[in-house]
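> here are the coordinates; sequence isn't available:
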């Protein structure tokens with residue numbers, strides 16, 4: 001296994017009649033892409049591309065970052081894409097629709113990027129983010145993480161409903177006790193239901209919903225999802241991810257966390273968990289009291305980190321206002337209902 005991991009990724013030679021597929025993705029910090037060719041037998045890797053965004057580019061809107069990433073990726077692979085039909089796969093739906101838009105409300109930079117992309121014979125397709133493939137009748141994961149110890153939990157569930165999430169939360173409470181505050185998403189209907197809120201009231205926990213359009217409000221769980229998906233992808237074989245999940249969680253629990261400088265297991269239990277490789281090692285001599293004191297001094301709850309410093313504007317008049325209008329950020333029935341509530 002170690003010898004296989006040391007081998008470099010095999011790149012194929014491009015075929016003159018192979019169907020080219022360019023898959024791209026951009027975050028707030030970097031952009032990356034992979035170029036592949038589809039043959040009769042399988043999909044073969046041709047090349048990678050990655051670049052860090054500048055401080056100015058990081059302030060672009062999501063649409064401008066995605067458009068910039070597509071433009072740079074095509075320019076990077078222009079010697080392989082020039083004069084050939086290829087497919088561009090994106091997970092950003094507004095960018096896919098932008099090429100069919102007839103309005104002229106574009107900035108000069110957007111017009112330049114769109115016109116440069118239109119010079120190539122490419123078909124842009126939306127890459128849907130699908131749920132997990134069904135594994136032993138499971139299709140979803142209910143994820144929880146403790147803010148102090150960074151201890152993660154991923155519970156497979158059959159369906160994405162409030163009843164399933166409630167059972168998974170009760171399983172967490174039975175092992176670790178009732179949390180004082182529960183931070184949940186504000187987009188899922190299951191987290192906004194009466195059943196979910198009544199469960200928190202009966203447990204004596206306080207529920208805080210994340211702010212709309214602000215994924216950084218619960219960035220700790222987003223980073224867990226990123227690590228969890230990367231680990232499951234690395235061990236994904238035959239579609240049975242349910243059997244790989246316990247070992248993946250064991251690796252996340254025993255790996256040092258950047259916010260703690262120790263593993264979540266050490267922060268929770270005061271010592272590291274026994275791994276399979278540890279059973280083949282010789283027993284160690286017991287630690288002295290001074291060593292134990294130093295070890296416990298390292299195990300301190302992690303402080304909340306704020307990666308984005310954003311100023312929220314609150315008018316001074318709002319403190320003394322008798323009435324206020326609340327914007328309805330949801331589908332309105334009937335369609336011509338007022339956008340705001342209040343009087």
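Yep, it's here. Predicted, not measured: the structure shown is a model, and the values here were computed from it.
> Can you give me the domain assignment for the protein?
8-126, 140-276 (automatic domain parsing).
> If you average pLDDT over each of these, which is lowest?
Here those differ in mean pLDDT, and the lowest is domain 8-126 at a mean of 82.
> Walking through the stretch 51-200 of the chain, point out its strands one by one.
Counting by DSSP state E, counting those that start in this stretch, the segments of the stretch 51-200 of the chain that form strands are 86-90, 122-126, 140-145, 152-157, 181-184.
> Tell me how far the first one lies from the chain's centre.
What it means is strand 86-90. Centroid displacement of strand 86-90 relative to its chain, using Cα atoms, centre = their mean, to the nearest Å, is 22 Å.
> what's the answer for stretch 34-50, then?
24 Å.
> Please apply the same query to stretch 193-213.
22 Å.
> quick revisit: so which of the strands of the stretch 51-200 of the chain is nearest residue 73?
Proximity to residue 73, assessed across the strands of the stretch 51-200 of the chain by Cβ to Cβ, is greatest for strand 86-90 (8.5 Å). Glycine gets a C-beta too; all of them are placed from N, C-alpha and C.
> Residues in contact with the closest one: which ones?
Around strand 86-90, the neighbours that count as contacts under Cβ atoms under 8 Å, 6 or more residues apart in numbering are 19-24, 66, 70, 74, 96, 120-127.
> partners of it, with directions?
Paired neighbours of strand 86-90 in the sheet (DSSP bridges): strand 19-26 (parallel), strand 122-126 (parallel).
> could those strands go into CSV alongside distance to residue 143?
Formatted as CSV, those follow (distance: least, Cβ to Cβ, whole Å):
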stretch, distance to residue 143
strand 19-26, 21
strand 122-126, 25
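> The stretch 201-343 of the chain: helices as residue ranges?
Taking DSSP state H, counting those that start in this stretch to define them, one finds helices in the stretch 201-343 of the chain at 219-235, 241-254, 264-269, 289-298.
> picking up where we left off before, out of the strands paired with strand 86-90, which is the most enclosed?
Among the strands paired with strand 86-90, ranked by average contacts under mean count of other Cβ atoms under 10 Å, first place goes to strand 19-26 (a mean of 20).
> returning to that earlier point: residue 175: which of the strands paired with strand 86-90 is closest?
Closest among these, using Cβ to Cβ: strand 19-26, at 35.9 Å.
> centre of the chain versus the closest one, how much separation?
That offset, for strand 19-26, works out to 20 Å (Cα atoms, centre = their mean).
> Give me the next element, helix or strand, following that strand.
strand 30-38 (DSSP states H and E).
> Show me what counts as buried in that next one.
Neighbour-count burial for strand 30-38 flags 31, 33, 34, 35, 36, 37 (criterion: 16 or more other Cβ atoms under 10 Å).
> Distance check, the residue nearest to residue 71 when sequence neighbours are not counted against residue 98.
Using Cβ to Cβ, 6 or more residues apart in numbering and skipping residues adjacent in sequence, the residue nearest residue 71 is residue 113, 4.3 Å away. Taking Cβ to Cβ, to the nearest Å as the measure, residue 113 falls 10 Å from residue 98.
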